[in-house]
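S.K.: Here is a sequence with its predicted model. Questions after.
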Amino acid sequence: MSNFTIDDNPFSLERIRSTLIRLEDTIIFALIERAQFASNRCIYIPGALEFNGATGDKSFLEFFLWETEKVHARVRRYTSPDEYPFTSPLPDPILPPCKFKKFVQDDDININDQIMEIYTKSIVTGICEEFDDDNYGSSATKDIECLQALSRRIHYGKFVAESKFREQPEEYTRLAVNNDREAINELLTNHKVEKVLLERLRRKALVYGQTLDQAEEGANMHLRIPVNVVVELYERWVIPLTKVVEVEYLILRGQRAAAEKAVADKLAQKPNVK
Ligand SMILES: O=C(O)C(=O)C[C@]1(C(=O)O)C=C[C@@H](O)C=C1
């Protein structure tokens with residue numbers, strides 16, 4: 001008899017959710033780090049004058065991100081099923097392939113373009129003061145950390161979706177065959193989990209954002225990042241985008257399952273040829 005419990009299973013919904021909870025800390029701390037610098041808008045403008053033409057038709061951030069991702073690709077970062085690059089083309093890894101425990105199906109779902117757009121247009125504005133402090137390299141370094149953490153969290157929706165598919169394969173397959181994104185979205189939504197998440201996030205943003213100077217103890221006067229901005233970030237972008245990834249994954253997963261079943265049914269019907 002197997003003594004495999006839910007907790008031992010690295011891909012139980014519970015374990016996957018605990019990774020999402022841990023990533024909340026990563027995201028909040030990355031945002032706090034970015035918030036110490038001004039918005040420095042020019043780093044998001046393609047071909048901005050400040051960079052002497054060195055970034056070509058890219059923005060300073062895109063240029064820096066591409067250079068960073070090239071190095072990361074060479075140490076096989078993007079062969080991991082929970083890491084997605086923002087830029088391309090990227091070089092092959094110099095390390096031999098890593099063996100990952102297979103859980104999610106292969107797919108080409110990557111919504112980093114959307115994440116980049118929302119991050120540069122809405123998130124930076126919410127957390128940074130709107131001026132130029134000349135800290136372009138530092139700001140972009142912190143941007144990359146924020147973007148990577150957000151991307152990892154949002155694409156982790158594939159793991160959540162696979163886990164949910166395994167719990168209700170028939171329902172998801174039926175909806176996927178009908179291309180019913182709305183019904184899939186409804187089926188995967190768990191309002192209670194979202195409510196608990198937003199409440200936890202509010203408390204975390206409040207605690208992590210304090211300077212903890214003795215003189216200011218309990219005053220919460222100098223939060224390094226506005227609590228509402230963090231909660232709103234999740235409410236408006238992180239959860240909805242995670243759901244986009246989940247829906248797209250479940251469409252693909254269900255349609256594949258239906259196709260595999262059709263082949264299996266056909267083979268089962270075939271008379272044995274001797
Ligand atoms: O935990 C889940 O069940 C998820 O699908 C993840 C998540 C999230 O993004 O945090 C998304 C949709 C659900 O409504 C609840 C939470």
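M.R.: Happy to help now that I have it. Keep in mind it's a predicted model, so treat the numbers as computed, not measured.
S.K.: residues contacting I118?
M.R.: W237, L241 (C-beta atoms under 8 Å, 6 or more residues apart in numbering). C-beta: built from backbone N, CA, C; applies to glycine.
S.K.: What confidence value was assigned to it?
M.R.: I118 carries a pLDDT value of 97.
S.K.: what helix or strand does it sit in?
M.R.: helix 112-118 (DSSP states H and E).
S.K.: swap in R224?
M.R.: Using DSSP H and E, no helix or strand contains R224.
S.K.: Surely it is in contact with T211?
M.R.: Yes. The criterion here is C-beta atoms under 8 Å, and R224 meets it with T211 at 6.9 Å.
S.K.: Give me the more crowded residue out of the two.
M.R.: R224 (17 against 14; other C-beta atoms under 10 Å).
S.K.: Please tell me how far the more buried one sits from G209.
M.R.: Computed with C-beta to C-beta, to the nearest Å, the distance linking R224 and G209 is 5 Å.
S.K.: go on, E182?
M.R.: 37 Å.
S.K.: Pick out whichever of those two has more residues nearby.
M.R.: G209 (21 against 10).
S.K.: Could you check the pLDDT of that one?
M.R.: pLDDT, G209: 85.
S.K.: Setting aside sequence neighbours, what's the nearest residue to it?
M.R.: L223 (4.0 Å; C-beta to C-beta, 6 or more residues apart in numbering).
S.K.: Who are the contact partners of that neighbour?
M.R.: With the criterion set at C-beta under 8 Å, 6+ apart, L223 makes contact with A205, L206, G209, Q210.
S.K.: low pLDDT regions in this protein?
M.R.: Within the chain, the set of residues satisfying pLDDT under 70 comprises 1-7, 212-222, 271-274.
S.K.: How about the longest helix belonging to it and the ligand, touching?
M.R.: Assignment by DSSP state H gives helix 239-269 as the longest helix of the chain. Yes. Helix 239-269 lies within reach of the ligand by C-beta under 6 Å from any ligand atom, at I239, T242, K243, E246.
S.K.: can you redo those as JSON lines with distance to K70?
M.R.: Shown next, in JSON lines, are the residues of helix 239-269 next to the ligand (distance: C-beta to C-beta, whole Å):
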{"residue": "I239", "distance to K70": "31"}
{"residue": "T242", "distance to K70": "27"}
{"residue": "K243", "distance to K70": "31"}
{"residue": "E246", "distance to K70": "30"}
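S.K.: Test my guess that S39 contacts T125.
M.R.: Yes. Counting by C-beta under 8 Å, S39 does reach T125; the two are 6.6 Å apart.
S.K.: more crowded one of the two?
M.R.: Legend: neighbour count by other C-beta under 10 Å for S39 and T125, higher for S39 (21 against 13).
S.K.: what number of residues lie near the residue of the chain found nearest the ligand?
M.R.: Using C-beta to the nearest ligand atom, the closest approach of the chain to the ligand is made by T242 at 3.6 Å. Look at T242: counted by other C-beta under 10 Å, it has 22 neighbours.
S.K.: next one: A30
M.R.: A30, neighbours per other C-beta under 10 Å, totals 19.
S.K.: so which strand or helix has it?
M.R.: Using DSSP H and E, A30 falls in helix 13-35.
S.K.: angle of that helix against helix 239-269?
M.R.: 150 degrees (axes from the mean of the first three to the mean of the last three C-alpha atoms, to 10 degrees).
S.K.: Packing partners of helix 13-35?
M.R.: Judged by 3 or more C-beta pairs under 8 Å, 6 or more residues apart in numbering; DSSP states H and E, the packing partners of helix 13-35 are helix 124-127, helix 136-155, helix 157-167, helix 191-208, helix 227-233.
S.K.: can you tell me which of those comes nearest to G254?
M.R.: helix 157-167 (7.2 Å; C-beta to C-beta).
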